[in-house]
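Novice: The amino acid sequence is not available; the structure is as follows:
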């Protein structure tokens, strides 16, 4: 999706923010933005403009040449171009790292064990979880049969365990499995074979903590991935039973399974599907990929962190440049205002000077009127009082200008 700005709007933008900071915000490089401005006859700040502006010097902004139409200029959506390029580069690097790590894995033969004897603690805990469900389901079946025999309503039709479309969701500290009880023994033995292969390949298989619930991490080479295993089911059409006050839908387990990574890895295969036989055949390929994924994940996380740091630095620099430009513009405006105020200041002094001379003329005429008689003492006293309070406004202006110039910083009206 593109964004549009008018020619006059782009002109205002390029004189507010340096091109090297403005360009990435508009999805362009500084060179690309400069070319775009030339195409639409938009003047850009010359070399050294922002340095001089930051130093407080007067910088003249080139006017926008007139045009019959204020053209609409199409720009890439903000950060789209840079983001696409960055994403493509990162994905390629991660793919290469994954391929190298996968090709370097040396596997011993992996077979699904015939039983769960001496299995991994995570597998054992998950097995106990599903065994408790089997016991609860058996107890519910007995209660339902007893209620049916006595022709009493049965209130226990809903399971107390977390379910989704007829499948149980393994609890906290267990493997991340969503399945029925029909094939749970094979599912657990498949995971046991997978975990053995991962550990032999140098991986750690660790249960999540706290809010992670049934999240299990596979760690290696500074990276970590998470797995999700689910069984496919289909709903069984059946009439609703009147003797069950709380009724739940029935589902049938299919010979279909999906093993996938929790995070999207784009074009790298991140999930495997198939029947029991097919997954067992893919077990070496799956194990090899899962051993390689954490290393690629570590690189992916590192690249993302670096990109984030660079982006934040660019944003800080752009904000700093914008603030400098705004401060310089504000200072420039204050100078213009201060200089513009000097003429009214001089006019005001001129008016005060006329009043000053008028007052002096009055005093002179009073002095001519006042004589040596005692009754003229009041005139002489008043003349002395007023004359002592009279000050020449031009002299006052000169003193004020000298004081302003004596400050550590030049007054705003001072020529650059």
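Specialist: It's in. Here the structure is a predicted model, which means the values were calculated and not measured.
Novice: part of a strand, is residue 218?
Specialist: Yes - assessed with DSSP: H, G, I helix; E, B strand; the rest coil, residue 218 lies in a strand.
Novice: Please name the residues that touch it.
Specialist: With contact set as C-beta atoms under 8 Å, 6 or more residues apart in numbering, residue 218 has these partners: 198, 203-205, 224-227, 290, 293-294. Any C-beta I mention is one placed from the backbone N, CA and C, and that applies to glycine too.
Novice: Mark which of these are buried, thanks.
Specialist: 198, 203, 205, 224-227, 290, 293-294 (16 or more other C-beta atoms under 10 Å).
Novice: Mind picking the one among the residues you listed that's closest to residue 397?
Specialist: Nearest to residue 397 among the buried ones among the contacts of residue 218, counting by C-beta to C-beta, is residue 224 at 76.3 Å.
Novice: so what's that closest one bridging to?
Specialist: Beta-bridge partners for residue 224, by DSSP bridges, are residue 219.
Novice: residues in contact with it?
Specialist: Shown in contact with residue 224 (C-beta under 8 Å, 6+ apart): 217-218, 294, 297.
Novice: Try it again at 10 Å.
Specialist: By C-beta atoms under 10 Å, 6 or more residues apart in numbering, the contact set of residue 224 is 203-204, 206, 217-218, 293-294, 297-298, 301.
Novice: How about residue 277?
Specialist: So residue 277 contacts residue 255 (C-beta under 10 Å, 6+ apart).
Novice: Quick check: pLDDT value at it.
Specialist: As summarised for this prediction, residue 277 has a pLDDT of 94.
Novice: For it, grab phi and psi.
Specialist: phi -60, psi -40 (degrees, to the nearest 10).
Novice: likewise residue 274?
Specialist: phi 150, psi -180.
Novice: give me the beta-bridge partners of it?
Specialist: Going by DSSP bridges, residue 274 forms beta bridges with residue 257.
Novice: sorry, back to before: I'd like the contacts of residue 218 laid out as TSV, including pLDDT and secondary structure.
Specialist: Formatted as TSV, the contacts of residue 218 follow (pLDDT from 0 to 100; DSSP: H, G, I helix; E, B strand; the rest coil):
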residue	pLDDT	secondary structure
198	92	helix
203	90	coil
204	89	strand
205	89	strand
224	83	strand
225	84	strand
226	86	strand
227	86	strand
290	89	helix
293	86	helix
294	88	helix
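Novice: Roughly how far does the most centrally placed residue in the chain sit from residue 302?
Specialist: Closest to where the C-alpha atoms of the chain average out (C-alpha atoms, centre = their mean) is residue 308, at 8.4 Å. From residue 308 across to residue 302, the span is 11 Å (C-beta to C-beta, to the nearest Å).
Novice: ok, now residue 34?
Specialist: Counting by C-beta to C-beta, the gap from residue 34 to residue 302 is 33 Å.
Novice: again, but for residue 52
Specialist: On the measure of C-beta to C-beta, residue 52 and residue 302 end up 41 Å apart.
Novice: likewise residue 342?
Specialist: 60 Å.
Novice: again, but for residue 408
Specialist: 50 Å.
Novice: higher neighbour count, these two?
Specialist: Taking neighbours as other C-beta atoms under 10 Å, residue 408 and residue 302 compare with residue 302 leading, 14 against 4.
Novice: quick one: which helix or strand includes the more buried one?
Specialist: Element membership for residue 302, per DSSP states H and E: helix 276-369.
Novice: Helix or strand next in line after that helix, which one?
Specialist: Where DSSP H and E defines the elements, the next helix or strand beyond helix 276-369 is helix 377-389.
Novice: ok, and what's touching that following helix?
Specialist: Taking C-beta under 10 Å, 6+ apart as the rule, helix 377-389 contacts 359-360, 362-364, 366-367, 369-373.
Novice: Hey, what's the angle from that helix to helix 276-369? Just curious.
Specialist: Inter-element angle recorded for helix 377-389 and helix 276-369: 150 degrees (by axes from the mean of the first three to the mean of the last three C-alpha atoms, to 10 degrees).
Novice: just checking, next helix/strand downstream of helix 377-389?
Specialist: Following helix 377-389 in sequence, per DSSP H and E, is helix 393-405.
Novice: Next, report how far that next one is displaced from the centre of its chain.
Specialist: 56 Å (C-alpha atoms, centre = their mean, to the nearest Å).
Novice: Likewise for stretch 288-296?
Specialist: Per C-alpha atoms, centre = their mean, the centroid offset for stretch 288-296 relative to its chain is 28 Å.
Novice: Sketch out the low-pLDDT regions of the stretch 251-400 of the chain for me.
Specialist: The stretch 251-400 of the chain contains residues with pLDDT under 70 at 263-269.
Novice: what about 90?
Specialist: 251-254, 260-272, 289-290, 292-308, 310-336, 338-339, 367-377, 379-380, 387 (pLDDT under 90).
Novice: repeat for the stretch 101-250 of the chain
Specialist: Residues of the stretch 101-250 of the chain that meet the cut-off, pLDDT under 90, sit at 101-110, 134-166, 168, 170-174, 201, 204-228, 234-250.
Novice: Between its first and last residues, how far does stretch 114-124 reach?
Specialist: 15 Å (C-alpha to C-alpha, to the nearest Å).
Novice: What are the contacting residues of that stretch?
Specialist: With C-beta under 10 Å, 6+ apart as the criterion, stretch 114-124 contacts 113, 125-127, 173-175, 185, 187-196, 198-199, 205-207, 216.
Novice: at 8 Å what do you get?
Specialist: Here stretch 114-124 has contacts from 113, 127, 173-175, 185, 188-189, 191-192, 195-196, 199, 205, 207, 216, using C-beta under 8 Å, 6+ apart.
Novice: Could you do stretch 54-62 as well?
Specialist: 15, 43, 45, 49, 52-53, 324, 328, 331-332, 335, 416.
Novice: Restrict these to the buried ones and give me that as a PyMOL selection.
Specialist: Applying 16+ other C-beta under 10 Å to the contacts of stretch 54-62 leaves a buried subset, and the PyMOL line that selects it is:
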select buried, resi 15+45+49+53+324+328+332+335
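Novice: What helix or strand is residue 73 located in?
Specialist: According to DSSP H and E, residue 73 maps onto strand 72-76.
Novice: And residue 195, by the same measure?
Specialist: Per DSSP H and E: helix 184-200 holds residue 195.
Novice: which parts of that helix are buried?
Specialist: Buried residues in helix 184-200, counting neighbours by 16+ other C-beta under 10 Å, are found at 184, 186-198.
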